[in-house]
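# The following comprises the amino acid sequence and a computationally predicted model.
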Amino acid sequence: MTDKRSHVVAFVSGLLFAIGLGVAGMTNPNKVLNFLDVFGDWDPSLALVMAGAILVYAPVYRRIKGEAAPKFAERFHWPTKQDVDAKLVVGSILFGIGWGIAGFCPGPAIVAASTGQASTLAFFAAMVLGMLAQGVVARRLEQRRN
C-alpha cells in the first residue's frame, strides 16, 4: 500500500474514533466524573459505552488475529510485553488519578480541545507537558541504569 493511502486510512479511522467519542459523550468530563461518582450522581451510561465497544471489538479481534497481515499494512503490530512492572503500575495509577480529577483521558481530551474552551486547553497543555516530562524522566533513568 502506498504511504499516502495509509495516511488516508489513519485519518479516516481517527475521525471515526473522534466522532464516536463525541456521540458517546466522552468529550464531556462531567459525564466521566458522574460515572466515577458511584455514591452520588452516578451515571452508568459510560459502562454501556464500554460494553458496546467490547461487543464490537471482541469478534473483530478474534477474526483478524488469525490473519497474516491487516488489509492496509504489511504486518500487524501486536503488543509483545506481558509482564507487570513498576512502570506499568505507576503509569496506570497516574492515569487513573488524572482521569478521576479531570474527567478526561488523552483521546477525548484531544477531541475536546477542538472546542477551544480554556479549561480543556489547559488540561490538554498539561497533558502534553506531562507526556514530554515522562519522556525526559524515562531517558534519564535509563541512562542511570546503563
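Perfect, thanks for sending it. Just so it is clear, the model here is predicted, and its values are computed rather than measured. Numbering: from 1, shown residues only.
# Could you list the residues in contact with stretch 115-125?
27, 102, 104, 109, 110, 112, 113 (C-beta atoms under 8 Å, 6 or more residues apart in numbering). Quick note: C-beta positions are derived from backbone N, CA and C, even for glycine.
# same thing but 10 Å
27, 29, 98, 101-104, 106, 108-114 (C-beta atoms under 10 Å, 6 or more residues apart in numbering).
# next one: stretch 12-21
Under C-beta under 10 Å, 6+ apart, the answer for stretch 12-21 is 26-28, 49, 52-53, 56, 72, 105, 107-112, 114.
# what's the closest of these to residue 3?
residue 72 (11.2 Å; C-beta to C-beta).
# I'd assumed residue 5 was in contact with the closest one.
Yes. Taking C-beta atoms under 10 Å as the definition, residue 72 is a contact partner of residue 5 at 7.0 Å.
# Show me how far stretch 114-131 is from its chain's centre.
Put simply, stretch 114-131 sits 15 Å off its chain's centre (C-alpha atoms, centre = their mean, to the nearest Å).
# and if you look at stretch 11-28?
Using C-alpha atoms, centre = their mean, the offset of stretch 11-28 from its chain centre is 11 Å.
# Could you list the buried residues of it?
Judged by neighbour count using 16 or more other C-beta atoms under 10 Å, the buried positions of stretch 11-28 are 18, 20, 21, 24, 25, 26, 27, 28.
# could you dump those residues to TSV with secondary structure?
Listed next are those as TSV, based on DSSP: H, G, I helix; E, B strand; the rest coil:
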residue	secondary structure
18	helix
20	helix
21	helix
24	coil
25	coil
26	coil
27	coil
28	coil
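# Turn those into CSV, including distance to residue 124 and pLDDT.
As requested, these are exported to CSV (distance: C-beta to C-beta, whole Å; pLDDT from 0 to 100):
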residue, distance to residue 124, pLDDT
18, 14, 92
20, 19, 89
21, 14, 89
24, 19, 87
25, 18, 87
26, 15, 88
27, 12, 91
28, 15, 91
